[in-house]
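> Generate a structure from the sequence data that follows.
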Amino acid sequence: MMKFLKGFLITVQFFTIIPLPCELPMDDQHLKRAVQAFPLLGLFQGALYSSFLYMLLYHSPFSHLAAAFLLWLAIILLTGGIHLDGWMDASDAYFSYRDRKKRLEIMKDPRVGAFGVLSILIFLSSRFFFIDELTVHPPLGLYVLIAAIPFLSKSVMGALLVTVNPAKEEGLGYLFQKATTPNSLWMYPLYWIIFLMLVCYVHMVSIFSLGILFIAAIVCFIFCRYKAVEWFGGITGDVLGASVEGTELCLWMALWLLHYFVMG
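Next up is the predicted model:
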C-alpha cells in the first residue's frame, strides 16, 4: 500500500505543479505503481476542476464567461503545461512530413516551429470554446462528466505507455515505460468499474452520457496507438503528452455535444 501511495505521489510530482515536501524513490517498483496510479491522478485532477467550476458558478460573483476562462486557465496552470509541450513538439514533427527519424529529431529541438504555434492556438481556443459553452446552465451531472475527462485521458496515457514500444530509449516516457510489464494495467478496468458503480449509486448522471465518454476514450486510444507507430515509430514522452491532450480535447468536444443533444 505504501508503494502504491508513493507511486501516486510520484505522478503528482511529475505531472502537476503541486509541491511535495518529501523525496520520493524512483526505482522500478515505485515507477510501476505510478503508472498504475495514472487514472487516479486524472480523477484527482478532474475532482479539482469540477469543484473549482462549481465554486465559481455558484459561490462567486463571476459570470459564466469568467468562470470558463478561470477553469481553462487552471487546467493549464495545474499541469504546468507539461502535456501542451508534447502537443506542440508532436505537431511540429508531424507537419514536417519528414521520415520517422527526422520527426524524432524535430521533437528533441527545444525551439517551437510555426506548426507548433498554430496547433496550440487552435487547441487552446477550441478547449476554451467547449468549456464556455458548457458553463451555460450546467446540469449537476455535468460536474461528474468533467471529472471523468482527465480520469479517462490518463487511462489512455497509461495504456499507451504499456502497450506501445518506445520510439527511443531515453526521456521521461521511457523512464516510466521500462518499469512496466504487460500486467501493469490490470487495475485500470477495476478503476473504471468502481467509478461506474459509484456514478450509478448516486444517480447524478446518465450511464448513456458516461458511456459515450468511455467509448470516445477507447476510440482515442486505438487511434493514438496506431498513429504513434505509423508517424513516430512508437511512444515518446512528447507523443504521450500529445495523446493526453488530444484525448482530452475529444472528450471535451463529446461532452459539449452531449450537453446540447442529450443533457440539454
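> can you count the residues close to residue 13?
Residue 13 is flanked by 18 other residues according to other C-beta atoms under 10 Å. The C-beta positions use only the backbone N, C-alpha and C, and glycine is treated the same way.
> who touches it in this structure?
20, 24 (C-beta atoms under 8 Å, 6 or more residues apart in numbering).
> And the helices in the protein, which stretches?
Along the chain, the stretches classed as helices by DSSP state H are 2-15, 28-36, 38-58, 64-79, 82-94, 100-108, 114-134, 141-163, 171-177, 187-202, 207-232, 237-261.
> worst average pLDDT in these?
Here the helices of the chain differ in mean pLDDT, and the lowest is helix 171-177 at a mean of 78.
> What count of nearby residues applies to residue 158?
By the criterion of other C-beta under 10 Å, residue 158 has 25 neighbours.
> so it makes contact with residue 189?
No. Using C-beta atoms under 8 Å, residue 158 makes no contact with residue 189, being 11.9 Å away.
> quick one: the closest residue to residue 208 other than its chain neighbours from residue 146, how far?
Excluding the flanking residues, the one nearest residue 208 by C-beta to C-beta, 6 or more residues apart in numbering is residue 262, at 6.9 Å. Look at residue 262 and residue 146: by C-beta to C-beta, to the nearest Å, they are 15 Å apart.
> now swap in residue 168 and tell me
Distance, residue 168 to residue 146, by C-beta to C-beta: 35 Å.
> Compare those two (neighbour count), which wins?
Per other C-beta under 10 Å, whichever of residue 168 and residue 146 has more neighbours is residue 146, with 25 against 17.
> what's the spacing between the residue nearest to that one when sequence neighbours are not counted and residue 74?
Closest residue in space to residue 146, ignoring its immediate chain neighbours: residue 50 at 4.8 Å, by C-beta to C-beta, 6+ apart. Residue 50 is 11 Å from residue 74, where distance means C-beta to C-beta.
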